[in-house]
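> all I have is the shape, not the residue letters:
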């Protein structure tokens, strides 16, 4: 699982960096599994049709497959062997997430994004009235200033 910790505010989006053309022979139902999670499937060109060999009204519209994770699925008709032609689809895959324009890929398609509201090491978190509701105070710098003030007051 990919875990990305971001500083708020951040522009976090799913990343769809790859698209593949899938051409299906209409002599069988579509049951195609890919090695990546499918985000979207659409026709490479609208109005695609196939001939199902029926004696009346044999020309049918190519169906748009449904998506199930890394799979696209669709049926045509009950008599696949007499179908003629192909249907051509574009398949877009989710590869990861994009944070402020930078893509973070994930091998298993699982993502967790959380905001880093913790201060870096060597600082102290203080509540603040402005966004994001806190600030980080550098301990060493503030400690030096306090020590300097204490030495002046103590004289």
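Arrived safely. In this text the structure is predicted, and so the values were computed from the model without any measurement. Residues are numbered from 1 along each chain as shown.
> ranges for the helices of the chain?
139-153 (DSSP state H).
> lowest-pLDDT helix or strand in it?
The least trusted helix or strand in the chain, going by mean pLDDT, DSSP states H and E, turns out to be strand 111-115, with a mean of 70.
> which intervals of the chain have sub-threshold pLDDT?
Flagging of the chain using pLDDT under 70 yields the residue ranges 5, 7-9, 78, 109, 114-118, 128-133, 154-155.
> so which residue is dead centre in it?
Centroid-nearest residue in the chain: residue 14, 2.6 Å away (criterion: C-alpha atoms, centre = their mean).
> partners of it in the sheet?
residue 97 (DSSP bridges).
> ditto for the one 4 residues further on
The residues listed as beta-bridge partners of residue 18 by DSSP bridges are residue 93.
> can you tell me which residues contact it?
Counting by C-beta atoms under 8 Å, 6 or more residues apart in numbering, residue 18 touches 36, 92-93, 95. C-beta here means a position set from N, CA and C on the backbone, and glycine is covered the same way.
> also residue 126?
Taking C-beta under 8 Å, 6+ apart, we find residue 126 in contact with 134-137.
> strands - which of the residues you listed land there?
Within the contacts of residue 126, residues falling in strands by DSSP state E are 134-137.
> could you dump those to CSV with neighbour count and distance to residue 151?
CSV is the format used below for the ones in strands among the contacts of residue 126 (neighbours: other C-beta atoms under 10 Å; distance: C-beta to C-beta, whole Å):
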residue, neighbour count, distance to residue 151
134, 13, 30
135, 14, 26
136, 15, 26
137, 12, 21
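> could you measure from residue 119 over to residue 137?
As judged by C-beta to C-beta, to the nearest Å, residue 119 and residue 137 stand 8 Å apart.
> joint contacts of the two?
residue 125.
> how many other residues sit next to the residue lying closest to residue 125 once chain neighbours are set aside?
Setting aside the residues directly before and after it, residue 125 is nearest to residue 119 in space (C-beta to C-beta, 6 or more residues apart in numbering), at 4.6 Å. Using other C-beta atoms under 10 Å, residue 119 has 16 neighbouring residues.
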